[in-house]
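A.B. asks: Sequence and predicted structure are below.
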Amino acid sequence: MRYFVDAEYNGFCGPMISLALVPEAPGLAPFYESTGCADPTPWVSEHVLPVLHTTPVERFELGRRLAEYLASDPDPLLIADWPEDIAHAAMALVAGPGRRHDVSHVRFELCDAFGFDAAALSTVPHNALHDAVALRDFMLHREAREPR
């Protein structure tokens with residue numbers, strides 16, 4: 001199944017703050033967790049932390065929960081519109097030196113989301129869950145309009 005991904009992080013190439021995966025199929029529960037942010041940039045303090053709306057967990061626990069979320073899907077495809085989102089999702093699966101959380105298979109795709117603007121289309125901009133929903137809706141709407 002396809003999952004649309006968004007992450008929030010502390011500045012350009014900074015540490016992950018939150019991660020969301022929204023399944024393509026309607027009615028299925030999304031994944032949304034955060035690790036919090038100990039030393040936020042001013043922009044993150046103003047735009048991301050006020051709309052986090054989740055209790056932070058340790059990085060290892062976030063990765064464990066992500067692996068558990070994906071465990072029942074034999075071929076998960078994580079789709080993002082920005083390379084850092086993919087990098088953060090992949091790094092969340094790293095459990096420690098030489099170890100990864102128990103995910104047997106996962107694929108990543110950087111989509112061409114030309115015209116997508118999470119800040120304009122998201123119900124709650126800079127909240128990873130709402131931004132991932134906006135990306136899913138944008139991509140599915142665009143795919144529905146494309147000739148087959």
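C.D. replies: Looks like it came in fine. Numbering: from 1, shown residues only.
A.B. asks: going forward, measure contacts and count neighbours with C-alpha atoms only.
C.D. replies: Noted.
A.B. asks: Could you check the pLDDT of residue 147?
C.D. replies: Listed pLDDT for residue 147 reads 68.
A.B. asks: Tell me the secondary structure at residue 38.
C.D. replies: Following DSSP: H, G, I helix; E, B strand; the rest coil, the label given to residue 38 is coil.
A.B. asks: I'd like to know how far it sits from residue 58.
C.D. replies: 12 Å (CA to CA, to the nearest Å).
A.B. asks: List the residues that contact residue 95.
C.D. replies: Residue 95 is in contact with 60, 63-64, 101, counting by CA atoms under 8 Å, 6 or more residues apart in numbering.
A.B. asks: what do you get for residue 68?
C.D. replies: Applying CA under 8 Å, 6+ apart to residue 68 gives the contacts residue 102.
A.B. asks: One more: residue 119?
C.D. replies: Contacts of residue 119 by CA under 8 Å, 6+ apart are 125-126, 131.
A.B. asks: so which of those comes closest to residue 52?
C.D. replies: Nearest to residue 52 among these, counting by CA to CA, is residue 126 at 8.3 Å.
A.B. asks: neighbours around the residue lying closest to that closest one once chain neighbours are set aside, how many?
C.D. replies: Excluding the flanking residues, the one nearest residue 126 by CA to CA, 6 or more residues apart in numbering is residue 48, at 5.4 Å. Residue 48: 24 surrounding residues under other CA atoms under 10 Å.
A.B. asks: Also residue 145?
C.D. replies: Counted with other CA under 10 Å, residue 145 comes out at 9.
A.B. asks: now the helices: where do they sit in the chain?
C.D. replies: For the chain, the helices defined by DSSP state H occupy 42-47, 59-70, 83-92, 118-121, 128-145.
A.B. asks: picking up where we left off before, quick one: which of the contacts of residue 95 is most hemmed in?
C.D. replies: That'd be residue 63 among the contacts of residue 95, by other CA under 10 Å, with 23 neighbours.
A.B. asks: Correct me if wrong: that one contacts residue 90.
C.D. replies: No: using CA atoms under 8 Å, residue 63 is not in contact with residue 90, being 9.3 Å away.
A.B. asks: pretty sure residue 15 is touching residue 35, no?
C.D. replies: No: contact criterion CA under 8 Å: residue 15 and residue 35 do not qualify, at 9.4 Å.
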